[in-house]
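1. model this:
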Amino acid sequence: MLFIASFLTFYSIDCSGGLECSALRDKYEYNGWKSDLFPVLPAIFLSGVIAAALIVAARFQPADRKVAGIALDHWGTAFAVSAAWSSLWALGGGGEGRSAGVGLILGLIANLAMAAAALLTQKVPALKAPLMGAPTPQVQSPYGTGAHPGYGYPGPGGPAAGGSFGGQPYGAPQPADQSGPQQAAAQPAGGTGGAPAGAQAPSAGGSDFAPFWFAVPVNRPLFPEDGGQTPIAELAPGTWYLAVDQRGAALVAQTQDGRRGVLQDTSGIQRG
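-> I've put the predicted structure just below:
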């Protein structure tokens, strides 16, 4: 609506009051694109359009996406408030013989509504909901082919939502290897029957990890893999992330933009 309003009458001149404008009939009406009204176009109309674009774009971008250290929706709010403030000043700054046109009135209404919506979005959680669902990551195969030909959410042969990994839910204690005592009992007494059992112990606790998708119930920080305590990203609910490795009770997770870090708090995660 702002773009259309910029082509409508912004100011109109009433020549009945004795103003000498009869020789300038094309100057009776001005729209936002007239150079005589500069900087009406960038201050009111272009700022409003840029604000709307930034606010909408922020709904489709990750929460940590920033420009010059400021989030996109905050940039949009600043532009929206600036455009609304300029519209208010323009309404009372026409001068003698000038009256506000439909373009100015529509621009004022649009900018005020957008500024109010942008400010309320920061206060009302319901207005922060994304305009569309989280994108599903495309199937990739960074681990090569073979036992794991690729991963995606959810893979045709992958685990179902809320399924278990290795027959046990994530985080549950794994059953001890029962083959060791049985093999040891089968060996002759006094022989070297303990060797096979000892050889199988490392394989039972080996890193036979299969990547899987998961989601977090609340915002969780992602820490660097080198053990640093400054988060490199924040995992948000409603988005699927890839677990590429396991370190004790923690997971090495990969975000959708390729960053990897350690998720230390894995309580309540939802398997994909």
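2. got the domain boundaries for this protein?
-> Here the domain parsing of the chain from automatic domain parsing is 2-128, 152-164+209-272.
3. Dump those domains into TSV; add mean neighbour count and mean pLDDT as well.
-> All C-beta atoms are positioned from the backbone trio N, CA, C, and that covers glycine. Output for the domains of the chain, formatted as TSV (neighbours: other Cβ atoms under 10 Å; pLDDT from 0 to 100):
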stretch	mean neighbour count	mean pLDDT
domain 2-128	16	76
domain 152-164+209-272	15	83
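4. ok, now which ones touch residue 233?
-> Residues near residue 233 by Cβ atoms under 8 Å, 6 or more residues apart in numbering: 64, 221-222, 255, 259, 261.
5. err, residue 110, not the other one
-> Per Cβ under 8 Å, 6+ apart, neighbours of residue 110: 1-2, 5, 48.
6. Quick check: the gap between it and residue 231.
-> 39 Å (Cβ to Cβ, to the nearest Å).
7. again with residue 256
-> 16 Å.
8. Could you do residue 100 as well?
-> 51 Å.
9. Contacts for the strand ranked longest in the chain, please.
-> If you go by DSSP state E, the chain has its longest strand at strand 241-247. For strand 241-247, the external contacting residues (Cβ under 8 Å, 6+ apart) are 137, 151, 207, 209, 211-216, 235, 251-256, 260, 262-263.
10. continuing past it, what's the next helix or strand?
-> For strand 241-247, the following helix or strand on the C-terminal side (DSSP states H and E) is strand 250-254.
11. got the contact list for that next one?
-> 214, 222, 225, 235, 241-246, 260-264, 266.
12. between these, which is closest to residue 123?
-> Residue 123 lies nearest to residue 235 out of these, by Cβ to Cβ, at 24.2 Å.
13. my read: that closest one touches residue 222, true?
-> Yes: judged on Cβ atoms under 8 Å, residue 235 makes contact with residue 222 at a distance of 5.8 Å.
14. list the residues that contact both of these two?
-> Counting by Cβ under 8 Å, 6+ apart, the common neighbours of residue 235 and residue 222 are 253, 255, 263.
15. Look up the residues forming beta bridges with residue 221.
-> Beta-bridge partners recorded for residue 221 (DSSP bridges): residue 234.
16. so where do the helices sit in the stretch 1-150 of the chain?
-> Assigned helices in the stretch 1-150 of the chain, in chain order: 2-5, 40, 47-59, 72-91, 102-121 (criterion: DSSP state H, counting those that start in this stretch).
17. Redo the ones you listed as JSON lines? Include distance to residue 271.
-> Output for the helices of the stretch 1-150 of the chain, formatted as JSON lines (distance: least, Cβ to Cβ, whole Å):
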{"stretch": "helix 2-5", "distance to residue 271": "46"}
{"stretch": "helix 40", "distance to residue 271": "56"}
{"stretch": "helix 47-59", "distance to residue 271": "28"}
{"stretch": "helix 72-91", "distance to residue 271": "32"}
{"stretch": "helix 102-121", "distance to residue 271": "32"}
